[in-house]
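Peer 1: based on what follows, work out the 3D shape:
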Amino acid sequence: MAGLIVRDDIDEVRSRVRIDDVVGEYVTLRSAGVDSMKGLCPFHDEKTPSFHVRPSSGYYHCFGCGESGDAYTFLQKMDGCTFTEAVERLAERAGVQLRYEKGSGPNRREAGQRARLLEAHREAQDFFRANIRSPEAEKARLYMAERGFDEEALTSFGVGYAPRGWDNLSKHLRSRGFLDKELTAAGLAAEGRRGGVYDRFRGRLIWPIRDVTGRVIGFGARKLYDDDEGPKYLNTPETPLYRKNQVLYGLDRAKRAIAKEGRVVVVEGYTDVMAAHLAGIDCAIATCGTAFGAEHTKVIRRLMGDAASKTGEVIFTFDGDEAGQKAALRAFREDSEFTADTFVAVERSGLDPADIRLRKGDGALRDLIESRRPLFEFALTKAIADYDLDTVEGRVKALREAAPIVASIRDRGMRPGYERWLSGRLGMTFDEVRDAVQRAGTANRQAAQPGRDRANRSWEQPVARGGVRHTSHYANQQPGRTEDPGRARIANDVESYQQEIGGTEQDYTGFRIERGALQVALQKPDFINVKLFDRLKPEAFNDAGSRAVFQAMQAAGGMAWAVQNPQHWPERVIENCDERAKQIVAELVVRPLPAQREDEVGRYCRSIVARLFDKDIVRIAGLLHSQLLRTDPNDGAASAKLLEQLQVLERQRARLRQYM
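Peer 2: Reported below is the predicted structural model:
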């Protein structure tokens, strides 16, 4: 086996790589305050951001589903790679030369399957690219040239050519050390009837299909020769890397434009994506041999971020023929998954985007996108198109067909507008249309499957434990902020805390102080009075979870260790936690501090920690008072000593008040 990576190198890589850069390749992150970023969680489906990343600590946490970790954990969960593979990937990115215990490096034969398949795809991509320049590929080059794509465009998009032989690629990859079973697992080869393998792609134009980070995970291939009995387009089959219902061609190029513009343009083919990008439409993507579905929607929504629920636009482009219209209506059925405005751009003459660019120029393609129509309007137009609106019967039937579509519009503010639009098109009164829509809405709800409606609305409700709804105390502390950044694990309003734990409002205040001080101790150890904090006893924390975290801090070396090693402090604390405390630490490390500006951070940190010290002084003073009441009245020395201790405590409280 390969040796383990030296721990110092693991730490070095972690310190050099910014976690927001790693996560940002999969999720669009936006500022959520000082040293805090947020986005839509990639681990569960949501429509409002609850996934937080803290660059300074190198950790992420989702307050919706509870997933948390560092950059290594993120890659392991997103890409299914091993810990070693995650470290090696980030080390290459950071320019760190890894050392291995026992003096060995990674064993290529024993590397994880995913890494091997990715490497095979890199080799295959190089092979196809080299062959696009061969004499045999003349037909491929001519086809692309006739479509308006020159050598520079082919190079930019990595377009290649698969030779016509049965095993050209397989032989090439075997010479690079790959096994037949790896080639079939990657979808690059298929098993023959008589044993052995043969190339899946032969005599075809090749487009590399990349994941969001730009790594090749599959290929799309178009046939060129009449004697090719395969389909016109052939894609990589389902593999550990390639999931067609999640893959979007061009996403690696389009992701930044999608995040920046809050817009995505969905076209139908590889050359359409190329044409769109070359025409300046940088947010264009396409599915790979399958219809646009719910999983694709989730990917797009994560990249659009906040725009997906506010100002975002999703634009589908379709040919004006029957097949294109059917595709548009399929997109309409998926529209319920989007919170962005959804549009269609239909080319009446039947030209696809690549043909538009070739025949009419880049400007014509951009004009097509700008001529978009709302998808609801398109669906309604299509729904009533087959009825004779000059007859009463035709108008009534058309209304019955269109009313459920209007009733399905989730934004109730938009419904009256479409009811008026439909009223004008049908020549019927507004009241007639509105009544029909209301009846259709009732029928839609009755036909919905049990539980489906609740599932669709679940994201709108604060997550609760024990049936109790929680709202964020941070929202109350920060005027103008309505987001609930911590709505899953920590009870944040007095009523909920009392119902869940049975405590008083005073208990709740203490709970907030304890969690807030621990948050500062994890995120900003420089603002902690080391001697005072490390002298605290576990009894200073009434909440069991808070007490467990504090004890983990003590086991990790306390604040004296933290201020010397702030980069590794959260990780060290987590190593000393039980499972319950790990979850709390993961949240506190990432939870945004309730400070809008950098100058407010220090003030808040000192204040909340001072409140913890003050709370503990009150606890100790209560014990001393109790002891004083039990002291023999004739024992003046003992009483005097207790009174002196109480006076010291009161002076300490007075000093603390300047920070509170």
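Peer 1: C-alpha only now, for contacts and for neighbours.
Peer 2: Noted.
Peer 1: may I see the buried residues of stretch 43-58?
Peer 2: For stretch 43-58, the neighbour count (16 or more other Cα atoms under 10 Å) marks 45-58 as buried.
Peer 1: what is the end-to-end distance of it?
Peer 2: Stretch 43-58 stretches 18 Å from its first residue to its last (Cα to Cα, to the nearest Å).
Peer 1: then stretch 159-175?
Peer 2: One end of stretch 159-175 sits 23 Å from the other (Cα to Cα).
Peer 1: what's that stretch in contact with?
Peer 2: Contact with stretch 159-175 is made by 120, 123-125, 127-132, 136-137, 140, 154, 180, 183, 188-189, 197-199, 201-208, as judged by Cα atoms under 8 Å, 6 or more residues apart in numbering.
Peer 1: mind running it again at 6 Å?
Peer 2: Under the criterion Cα atoms under 6 Å, 6 or more residues apart in numbering, residues 128-129, 131-132, 198-199, 202-207 lie in contact with stretch 159-175.
Peer 1: in strands, which of those residues appear?
Peer 2: Filtering the contacts of stretch 159-175 for membership in strands, criterion DSSP state E, returns 198-199, 204-207.
Peer 1: for the buried ones among those residues, write the corresponding PyMOL selection.
Peer 2: Those of the ones in strands among the contacts of stretch 159-175 that count as buried under 16+ other Cα under 10 Å are selected in PyMOL with:
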select buried, resi 198+199+204+205+206+207
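Peer 1: just the buried residues of stretch 43-58 now: which is nearest residue 576?
Peer 2: Looking at these and their distance to residue 576, the nearest is residue 57, at 17.5 Å (Cα to Cα).
Peer 1: any idea how far residue 155 is from that closest one?
Peer 2: Here the criterion is Cα to Cα. By it, residue 57 lies 40 Å from residue 155.
Peer 1: and for residue 69?
Peer 2: From residue 69 over to residue 155 the distance is 38 Å, taken as Cα to Cα.
Peer 1: same check, this time on residue 349
Peer 2: Noted for residue 349: a distance of 31 Å to residue 155, by Cα to Cα.
Peer 1: for residue 114, same thing?
Peer 2: Distance, residue 114 to residue 155, using Cα to Cα: 26 Å.
Peer 1: same thing with residue 212?
Peer 2: Using Cα to Cα, we find residue 212 at a distance of 19 Å from residue 155.
Peer 1: pick out whichever of these two has more residues nearby.
Peer 2: Between residue 212 and residue 155, counting by other Cα atoms under 10 Å, residue 212 is the more crowded of the two (21 against 12).
Peer 1: could you look up the SS state of that one?
Peer 2: Counting by DSSP: H, G, I helix; E, B strand; the rest coil, the backbone at residue 212 sits in coil.
Peer 1: gap between it and residue 295?
Peer 2: 14 Å.
Peer 1: before we move on, what about residue 9?
Peer 2: 37 Å.
Peer 1: next: residue 151.
Peer 2: From residue 151 to residue 295 the distance is 34 Å (Cα to Cα).
Peer 1: looking at those two, which is more packed in?
Peer 2: residue 295 (16 against 13).
Peer 1: pretty sure that one contacts residue 248?
Peer 2: No: look at residue 295 against residue 248 with Cα atoms under 6 Å: they stay out of range, at 10.3 Å.
Peer 1: just the strands in the stretch 551-660 of the chain please.
Peer 2: In the stretch 551-660 of the chain, no strands are found when defined by DSSP state E, counting those that start in this stretch.
Peer 1: quick one: the helices in it?
Peer 2: With DSSP state H, counting those that start in this stretch, the ranges of helices along the stretch 551-660 of the chain come out as 558-564, 569-575, 579-590, 598-630, 636-656.
Peer 1: now the helices for the stretch 51-200 of the chain?
Peer 2: Using DSSP H, counting those that start in this stretch, helices in the stretch 51-200 of the chain cover 71-79, 83-94, 113-131, 138-146, 151-157, 168-175, 180-185.
Peer 1: of these, which is nearest residue 529?
Peer 2: Of the helices of the stretch 51-200 of the chain, the one closest to residue 529 (Cα to Cα) turns out to be helix 71-79, at 30.2 Å.
Peer 1: re earlier: from the buried residues of stretch 43-58, which is closest to residue 64?
Peer 2: Distances from residue 64 to these, taken by Cα to Cα, are shortest for residue 50, at 5.7 Å.
Peer 1: could you measure that closest one against residue 66, distance?
Peer 2: For residue 50, the distance to residue 66 (Cα to Cα) stands at 10 Å.
Peer 1: same deal with residue 95?
Peer 2: The gap separating residue 95 from residue 66 is 32 Å, by Cα to Cα.
Peer 1: pLDDT wise, what is residue 630 at?
Peer 2: Listed pLDDT for residue 630 reads 76.
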